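*Asks:* Quick one, fold the following:
(2 chains)
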Number of protein chains: 2
Amino acid sequence: VKVDLGERSYPIYIGEDLLSLLGEKARFHNLSTQSPILIVTDVNVGSLYLSKTQSTLQKYGYTIATHVVSAGESSKCLGELGSIVTSALEAKLDRDSTIIALGGGVVGDLAGFAAATYMRGIRFIQIPTTLLAHDSSVGGKVAVNHPLAKNVIGAFHQPAFVLYDTTTLKTLSIREVRSGLAEIIKHGFIHDESFVSWCENNIDKLLTLDADALSYAIHAGCSIKAWIVSQDEKESGLRAFLNLGHTIGHALESVAGYGELTHGEAISIGMCGAALLSSRLGVASDHVFTYTEGLIKRFGLPTVIPERYATDAIMDAMLHDKKFRGGQMVFILPNSIGKVHIHKGIPVEEVRVVVDLLKEGERSHVR
Amino acid sequence: VKVDLGERSYPIYIGEDLLSLLGEKARFHNLSTQSPILIVTDVNVGSLYLSKTQSTLQKYGYTIATHVVSAGESSKCLGELGSIVTSALEAKLDRDSTIIALGGGVVGDLAGFAAATYMRGIRFIQIPTTLLAHDSSVGGKVAVNHPLAKNVIGAFHQPAFVLYDTTTLKTLSIREVRSGLAEIIKHGFIHDESFVSWCENNIDKLLTLDADALSYAIHAGCSIKAWIVSQDEKESGLRAFLNLGHTIGHALESVAGYGELTHGEAISIGMCGAALLSSRLGVASDHVFTYTEGLIKRFGLPTVIPERYATDAIMDAMLHDKKFRGGQMVFILPNSIGKVHIHKGIPVEEVRVVVDLLKEGERSHVR
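*Replies:* Coordinates of the predicted model:
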């Protein structure tokens, strides 16, 4: 897949056992062997793939330093950014150096923000090791969290290239696989009805990590996202489509405490919420909600908000969300399967009703 | 002065009592009154100008929040960035909001980096209250320090406009005035021999803050810098000229501990060092060094390295400096007065000799 952004264009390589080709790709992309490279990873991924990543680069003459963070969202903070910069300075990274993110979305966002800001921006390579990271590896959005809000300190910084080794996905738990598939299905809901149908017909293959089905799904998900990003790099219009399910999703993640719900689980509920809201506003037919909810359920993903998350807390979290401009509530809503639009001026009360309807105990009221 | 950067172009307004026109300028530049504005300042500047800044904006319908930091370089850190983001979230700043930097270089760099990264970038206005800040207000370089290196975590983020109220300079100490003039003279040394002569003929007026002389000098300094930045926004070539005196200067600041030497004092010594190095390498005549040293002295600025700063420590600090690529030493050196070039491949030993020669006790060896 090629992400087309003029002089910031970059390729995404997808396939089995690509990690062994990293040194070659680094040379091909003109990474200087004179300047040290810093690999950022977490303890889990590091124990599996760090030494292989290091050695394939060393074979091609690169000097490698490493920085290993704790696994999980809590590493995505300003403090860890400072620690990465300490490692980078100690390893004498200069302006021609590169930072490599080896891991999932947390490592990608954190290491990417370090690359975006170290000496005001050095090169960056992403090696995603989760399915969910297919999403964050396209588009150049990098960020850390703040105790009051997710992803609120960040930048746009495009990688030199992305290397997607599907072999690394074999070590994912089923929960992580499902969570990653949620983002892939999301891309279908946004822009490609036929890909949604394909997903529906390949649920079992996807959940059992069939290599061909996975490669196709990652390719399709990345392609849809790449097309949207190339139309709108800095998120002034079209790119907002990608936030389907994210307004309620982010609020749920924030109320749940980072980690209790996976990102994919949160946006699954969020996509059901968007479909329900669209139906209540008379934009989409009830079928869109029924179909969305049904497909998400068949992937083993949640469609209801756990009763213990208070509606007030969820609404408060949404008001901190950066997708509200000038006090108005804005949502990405489906028109039909495979088609969405930006819907402005939605009354807060209507959103509140939808949140309540999504609560477990209230399911009988939904239809 | 207009800084010409295509769609990121912006004006610098220079003159007496401009602060009272801020609300009008904000409206003129289409700042939304629907989205809150955050003013970042330090305790010293805040006590003098914060209430005036607030009220001129409120008169034009803007909602204002404020964030006041301690005065001095120690505020330019990741921790304070986190605190600014807390203030921004509490005040409900959104993507259409603006952060205003009211103060000197520290506040400009810190608040500018906050604006560059908050929600991946919101609008930014600079109101410099020091002479030195004429430099940082052109070019969009924003950053915070890391305990191991200055300005090493940052971004390029251009302001919407810069408002330079020369009335605010009247409260500066003579040491701050001299330090600011050092950067202004630097711009002359880089690109404009006739402006260097003008400075030489107007030393007394400048040191006593004559309004017309100051406005002219700020205008000339900003214009030279704006011209260079417009040629090379992201510092790939020409823009490096602006680092004249900074390689040794930054090393001195780092060895001295932030605050012991002002930035202008450090680069004054650095400019003498660059001229001496150029002379020893046979690039510039001895006259260039003699003239540079003489002019800097007449402005009451230092030309020698205090004996208590160890040469080893200065050399170590330089090796952390981001202006070395691939292990080679690179300096900006004068060819003549008003003309400089990038000089690569300078032996470390030659730089060490120059640092030793710049030491107080060794002055007799210089000529």
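*Asks:* how about the strands in the stretch 101-250 of chain A?
*Replies:* With DSSP state E, counting those that start in this stretch as the criterion, the stretch 101-250 of chain A has strands at A:123-128, A:141-146, A:149-156, A:161-165.
*Asks:* Export the shortest one to CSV, keeping only CA atoms.
*Replies:* Same thing as strand A:161-165. Written as CSV, here are the backbone C-alpha positions of strand A:161-165 (Å, rounded to 0.1, in the frame of the first residue of the first chain):
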residue,chain,number,x,y,z
PHE,A,161,8.0,3.4,5.8
VAL,A,162,5.8,0.9,7.7
LEU,A,163,6.8,-2.8,7.8
TYR,A,164,3.9,-5.1,8.7
ASP,A,165,5.2,-8.6,9.4
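*Asks:* That one to strand A:123-128, inter-axis angle?
*Replies:* Following axes from the mean of the first three to the mean of the last three Cα atoms, to 10 degrees, one obtains 20 degrees for the angle between strand A:161-165 and strand A:123-128.
*Asks:* so how far is strand A:161-165 off the chain centroid?
*Replies:* 15 Å (Cα atoms, centre = their mean, to the nearest Å).
*Asks:* And the first one, by the same measure?
*Replies:* In terms of Cα atoms, centre = their mean, the gap separating the centre of strand A:123-128 from the centre of its chain is 14 Å.
*Asks:* pLDDT on it, on average?
*Replies:* For strand A:123-128, the mean pLDDT works out to 96.
*Asks:* coming back round to it: which of the strands of the stretch 101-250 of chain A is buried the deepest?
*Replies:* Per-stretch averages of neighbours, counted by mean count of other Cβ atoms under 10 Å in any protein chain shown, single out strand A:123-128 among those, with a mean of 26. No exception for glycine: its C-beta is placed from N, CA and C like everyone else's.
*Asks:* anything in that one near chain B?
*Replies:* No: using Cβ under 8 Å from any Cβ of the partner chain, strand A:123-128 never reaches chain B; the gap is at least 13.3 Å.
*Asks:* That strand - contacts with which helices or strands?
*Replies:* Counting contacts by 3 or more Cβ pairs under 8 Å, 6 or more residues apart in numbering or on different chains; DSSP states H and E, strand A:123-128 packs against strand A:98-103, helix A:105-117, helix A:133-136, strand A:161-165.
*Asks:* out of those, nearest to chain B?
*Replies:* Nearest of the helices and strands packed on strand A:123-128 to chain B, taken as Cβ to the nearest Cβ: helix A:105-117 at 4.9 Å.
*Asks:* Could you check that closest one against chain B for contacts?
*Replies:* Yes: against chain B, helix A:105-117 shows contacts by Cβ under 8 Å from any Cβ at A:116-117.
*Asks:* What segments of the stretch 251-367 of chain A are strands?
*Replies:* For the stretch 251-367 of chain A, applying DSSP E, counting those that start in this stretch gives strands covering A:331-336, A:339-343.
*Asks:* circling back: which of the helices and strands packed on strand A:123-128 has the lowest average pLDDT?
*Replies:* helix A:133-136 (a mean of 84).
*Asks:* Tell me who's in contact with A:Leu50.
*Replies:* Contact partners of A:Leu50, counting by Cβ atoms under 8 Å, 6 or more residues apart in numbering or on different chains, are A:39, A:41, A:66, A:68, A:102.
*Asks:* From what I see, the last one and A:Leu38 are in contact.
*Replies:* No: the pair A:Leu102 and A:Leu38 does not pass the contact test of Cβ atoms under 8 Å, sitting 10.7 Å apart.
*Asks:* Show me which of those two is the more surrounded one.
*Replies:* Ranked by neighbour count (other Cβ atoms under 10 Å in any protein chain shown), A:Leu102 and A:Leu38 place A:Leu102 first, with 30 against 24.
*Asks:* Quickly list what that one is bridged to.
*Replies:* Judged by DSSP bridges, the bridge partners of A:Leu102 are A:Thr41, A:Ile127.
*Asks:* Against B:Ser51, how distant is it?
*Replies:* Counting by Cβ to Cβ, to the nearest Å, the gap between A:Leu102 and B:Ser51 amounts to 51 Å.
*Asks:* And for A:Phe241?
*Replies:* Distance from A:Phe241 to B:Ser51, by Cβ to Cβ: 44 Å.
*Asks:* Looking at those two, which is more packed in?
*Replies:* The residue with more neighbours, out of A:Phe241 and B:Ser51, is A:Phe241; 22 against 11, by other Cβ under 10 Å.
*Asks:* Would you confirm that that one contacts A:Val229?
*Replies:* No: using Cβ under 8 Å, A:Phe241 makes no contact with A:Val229, being 10.5 Å away.
*Asks:* Bridged to A:Leu261, which residues?
*Replies:* On the basis of DSSP bridges, A:Leu261 is bridged to A:Tyr258.
*Asks:* Repeat that for A:Phe331.
*Replies:* Beta bridges link A:Phe331 to A:His343, judged by DSSP bridges.
*Asks:* likewise A:Val144?
*Replies:* With DSSP bridges as the rule, A:Val144 is bridged to A:Ile153.
*Asks:* which parts of chain A sit against chain B?
*Replies:* Chain A comes close to chain B at residues A:32, A:34-35, A:78-79, A:81-82, A:85-86, A:89-90, A:92, A:94-96, A:116-121, A:141, A:143, A:146-149, A:152-156, A:235, A:319-320, A:322, A:324-327, as judged by Cβ under 8 Å from any Cβ.
*Asks:* Now the buried members of these.
*Replies:* A:32, A:35, A:78, A:81-82, A:85, A:89, A:94-96, A:116-121, A:141, A:143, A:146, A:149, A:152-156, A:235, A:320, A:322, A:324-325 (16 or more other Cβ atoms under 10 Å in any protein chain shown).
*Asks:* now the helices: where do they sit in chain A?
*Replies:* A:22-28, A:43-58, A:78-90, A:105-117, A:133-136, A:174-191, A:193-201, A:203-207, A:211-231, A:246-256, A:263-280, A:286-298, A:311-320, A:348-358 (DSSP state H).
*Asks:* A:Cys222: how many residues sit nearby?
*Replies:* Residues near A:Cys222, counting by other Cβ under 10 Å, number 24.
*Asks:* Okay, it and chain B: tell me how far apart.
*Replies:* Relative to chain B, A:Cys222 is positioned 21 Å away (Cβ to the nearest Cβ, to the nearest Å).
*Asks:* for A:Ser83, same thing?
*Replies:* Distance, A:Ser83 to chain B, by Cβ to the nearest Cβ: 10 Å.
*Asks:* pLDDT weak spots in chain A?
*Replies:* Within chain A, the stretches with pLDDT under 70 are A:3-7, A:233-236, A:258-259, A:321-328, A:361-367.
*Asks:* Put the alpha carbons of stretch A:121-134 into CSV.
*Replies:* Extracted as CSV, the C-alpha positions of stretch A:121-134 are listed here (Å, rounded to 0.1, in the frame of the first residue of the first chain):
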residue,chain,number,x,y,z
GLY,A,121,11.8,16.0,14.0
ILE,A,122,13.9,13.1,12.9
ARG,A,123,13.0,10.0,10.7
PHE,A,124,10.6,7.4,12.0
ILE,A,125,9.8,3.8,11.0
GLN,A,126,6.9,1.7,12.2
ILE,A,127,6.9,-2.0,12.7
PRO,A,128,3.4,-2.8,14.0
THR,A,129,3.0,-6.0,15.9
THR,A,130,-0.7,-5.8,16.5
LEU,A,131,-3.7,-5.8,14.2
LEU,A,132,-5.0,-2.7,15.8
ALA,A,133,-1.8,-0.9,14.9
HIS,A,134,-2.8,-1.2,11.2
